[in-house]
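Participant: Please work out how this folds:
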Amino acid sequence: MSDQPSLTEMIDAIIKTFIVAHADDTDAHLAQALVYNAGRLAWRLREQGVDIEQKTSVSDVVTDADFAAERFVAGVLEALRGEDGIVGEEGANRQSKSGRTWVIDPVDGTYNFASGSDYWCSALALVDADGVVLGAVHRPAMGYTWFGGRDHTTSLDGKDVAKLSDAPADKLCLSTYLHPTSMTDPNIAAAWEKVAPHFATVRMLGAGSVDLSCVADGTWGAWMQHSVKDWDWYPGQALVLAAGGAARKVEAGGVEWCIAGNKQVVDQMEEWLRG
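Facilitator: Reported below is the predicted structural model:
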């Protein structure tokens, strides 16, 4: 019998150590520390080799690093924010008693993560009855942490990003994603094609929270994707809004699109989708 601790035992030990160090953190500090440590944990596990399982398709996968990182974040929140709810992509779930809920995406861009790409992140958001309170995103490969929210200007590694100023689509890059099955759906494809050709260029990189973080800091100009889960939307939405941009949902082509960017370009995108 091996004397080596199991992955679950290791995560539980990390949780206990983290709780001692962060027991008095504000929500803002806690969120940033959680995504940083979750992302670094997933990174280290990938270096050791991870088990990969398909969820709904070859491109929709999950790894044991996803589960481990989510267990870490959820375990800390259960201890330090016991009245708050929890919703995690990989199954963590607890009803809220406070009216607040933490939304966890332990590894966003899992296909990229599992394939060895560096375009992935750990993301976290806090929401209440009025919407998103704050969002935090850490991209381990670059060492970046984005943070922002209702009462916090969006920052990158502690430095405020420039406020998003109005600019039209033809001057900007659209970051987006369209699954191959959506490309062959005439209604969805037609809705997407109402918007994408208006942009100067288009990028599909496969990690929504990294995309939205880059919209918030001005790296990308706008973002568009349909049928987005809360854990892929709320963290980045918080960052874009706190950077002075716009982020909203629009029905078109039989699906719901999430769009984000500066206020001018989001108005344009909505008009094209509704047209």
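
Participant: May I see the buried residues of the longest helix belonging to the chain?
Facilitator: Across the chain, the helix with the greatest residue count (assigned by DSSP state H) is helix 27-48. For helix 27-48, a neighbour-count test (16 or more other C-beta atoms under 10 Å) marks 27-28, 30-39, 41-43, 45-46 as buried. C-beta coordinates here come from the backbone N, C-alpha and C atoms, glycine included.

Participant: Stretch 260-275 now?
Facilitator: In stretch 260-275, counting by 16+ other C-beta under 10 Å, buried: 260-262, 264-270, 272-273.

Participant: Now for these: which two are most distant?
Facilitator: N262 and L273 (16.7 Å; C-beta to C-beta).

Participant: Which stretches in the stretch 51-200 of the chain count as helices?
Facilitator: 64-80, 110-115, 180-183, 186-193 (DSSP state H, counting those that start in this stretch).

Participant: quick one on the thing from earlier: show me what the longest helix of the chain is packed against.
Facilitator: If contacts are counted by 3 or more C-beta pairs under 8 Å, 6 or more residues apart in numbering; DSSP states H and E, helix 27-48 sits against helix 7-22, helix 64-80, strand 101-108, strand 121-128, strand 131-139, strand 144-149.

Participant: any residues touching that helix, and which ones?
Facilitator: Here helix 27-48 makes contact (C-beta atoms under 8 Å, 6 or more residues apart in numbering) with 11, 14, 18, 22, 25, 63-66, 68-70, 72-73, 76-77, 80-81, 106-107, 113, 121-124, 126, 133-141, 145, 147, 149, 152.

Participant: could you check the angle strand 121-128 makes with that helix?
Facilitator: 150 degrees (axes from the mean of the first three to the mean of the last three C-alpha atoms, to 10 degrees).

Participant: got the angle between helix 27-48 and strand 131-139?
Facilitator: 40 degrees.

Participant: model confidence over helix 27-48, on average?
Facilitator: Mean pLDDT, helix 27-48: 94.
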